[in-house]
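# Just to be clear, the model below is a prediction. Sequence and coordinates:
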Amino acid sequence: MWDPVRYLAFADHRSRPFHELVARVGATSPRRVVDLGCGPGNLTATLAERWPSAVVEALDSSPEMVAAARARGVAARVADVASWQPGPDVDVVVSNAVLQWVPGHEELLRGWVRALPSGAWLAVQVPGNFAGPSHRLVRELVDERWPGLSGLLRESPVLDPSGYAEVLSGAAVDAWETTYLQRLEGEDAVLEWITGTALRPIRAALDDAGWEEFRAALAPRLRDAYPPRADGTAWFPFRRVFAVARVP
């Protein structure tokens, strides 16, 4: 289950990659813009502001996120990204921080490029920090104390920029990566960050007591990896991978 409130606790940090991704999309008057994995809808609304004449379509697999998006006035619906296919009037597709949850998404991307009309834009961003301490420490803890949950965590679910450039080579591709040095505030801020995203499968698999035990075991490891500064904040480097393709 996704928690929109927890997810939005770091809204500024989570929204910056979205804006930098969409800034590379050169569409001027798209007919239909689709946000695949719209989350709570706060960023989907900016698509309607940029392209006011377009029909903006939004979907997410989480009923909780769709409800939050609808509360913001976004016409979102519950749907699975893995089964979505573009219609003939789709001129812009945005997939921000969702495909890391979809095994085999490389074939999805190839299929979307084949199905999109000529001149359409496909913009993708995925987190690329799975080798970082935050994710490595989670895998180590699971392997040590909760080995039955190890199948919930994939070590490398995304490609690097050159990998996505190759996947999307049937189109004109711009692929890059950026590591954001994020200054997080609050007690155990890195733990709170990954609780809203990467730890969701673990939370869903544990009861309340097990979840609190897991958090208590993980927190000191994360504090050692990302030590609090004198002002209580912590630096959290976060790598993200981007690809923008224009269909020929």
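Ah, there it is.

# For stretch 107-126, measure first residue to last.
Counting by CA to CA, to the nearest Å, you get 16 Å between the two ends of stretch 107-126.

# Check the offset of that stretch from the chain's centre.
Stretch 107-126 sits 17 Å away from the centroid of its parent chain (CA atoms, centre = their mean, to the nearest Å).

# Tell me which stretches of the protein form strands.
If you assign secondary structure with DSSP state E, the strands in the chain sit at 32-36, 55-60, 76-78, 90-96, 121-127, 172-184, 234-246.

# would CSV of those with distance to Gly104 and mean neighbour count be doable?
For the C-beta atoms, the positions are set from N, CA and C on the backbone; glycine is no exception. What follows is the strands of the chain, written out as CSV (distance: least, CB to CB, whole Å; neighbours: other CB atoms under 10 Å):
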stretch, distance to Gly104, mean neighbour count
strand 32-36, 15, 24
strand 55-60, 19, 23
strand 76-78, 21, 17
strand 90-96, 14, 24
strand 121-127, 14, 23
strand 172-184, 19, 15
strand 234-246, 16, 21
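
# okay, those in JSON lines with mean pLDDT and distance to Ala204 next?
Output for these, formatted as JSON lines (pLDDT from 0 to 100; distance: least, CB to CB, whole Å):
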{"stretch": "strand 32-36", "mean pLDDT": "98", "distance to Ala204": "22"}
{"stretch": "strand 55-60", "mean pLDDT": "97", "distance to Ala204": "16"}
{"stretch": "strand 76-78", "mean pLDDT": "97", "distance to Ala204": "17"}
{"stretch": "strand 90-96", "mean pLDDT": "98", "distance to Ala204": "22"}
{"stretch": "strand 121-127", "mean pLDDT": "98", "distance to Ala204": "19"}
{"stretch": "strand 172-184", "mean pLDDT": "97", "distance to Ala204": "24"}
{"stretch": "strand 234-246", "mean pLDDT": "97", "distance to Ala204": "23"}
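
# Can I get the ones you listed in TSV including distance to Ala67?
Written out in TSV, the entries for those read as follows (distance: least, CB to CB, whole Å):
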stretch	distance to Ala67
strand 32-36	16
strand 55-60	10
strand 76-78	9
strand 90-96	19
strand 121-127	24
strand 172-184	27
strand 234-246	27
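
# Would you mind telling me which of those strands is nearest Glu166?
Proximity of these to Glu166 was assessed by CB to CB; the nearest stretch is strand 172-184, lying at 8.7 Å.

# By residue count, tell me the biggest helix in the protein.
Looking across the chain with DSSP state H, the single longest helix is helix 208-225.

# which residues sit against stretch 222-231?
Counting by CB atoms under 8 Å, 6 or more residues apart in numbering, stretch 222-231 makes contact with 133-134, 137, 188, 190-191, 234-236, all of which sit outside it.

# Got the phi and psi for the residue nearest the centre of the chain?
Nearest residue to the geometric centre of the chain (CA atoms, centre = their mean): Ala97, 1.5 Å. The phi and psi values for Ala97, taken as degrees, to the nearest 10, are phi 60, psi 50.

# Going forward, the N-terminal residue is numbered 52.
Sure, I'll start counting at 52 from here, so that last one is Ala148.

# so who does the closest residue to Tyr231 other than its chain neighbours touch?
Distance criterion CB to CB, 6 or more residues apart in numbering; nearest residue to Tyr231, sequence neighbours excluded, is Phe289 at 5.0 Å. Under the criterion of CB under 8 Å, 6+ apart, the contact partners of Phe289 comprise 64, 178, 180, 183, 230-231, 233.

# Please repeat the previous calculation with a cut-off of 10 Å.
Residues in contact with Phe289 (CB atoms under 10 Å, 6 or more residues apart in numbering) are 64-65, 68, 178-180, 183, 185, 229-233, 235, 241, 244.

# How about Leu150?
By CB under 10 Å, 6+ apart, the residues touching Leu150 are 87-88, 132-133, 156-157, 159-160, 175-178, 208-210, 215, 292.
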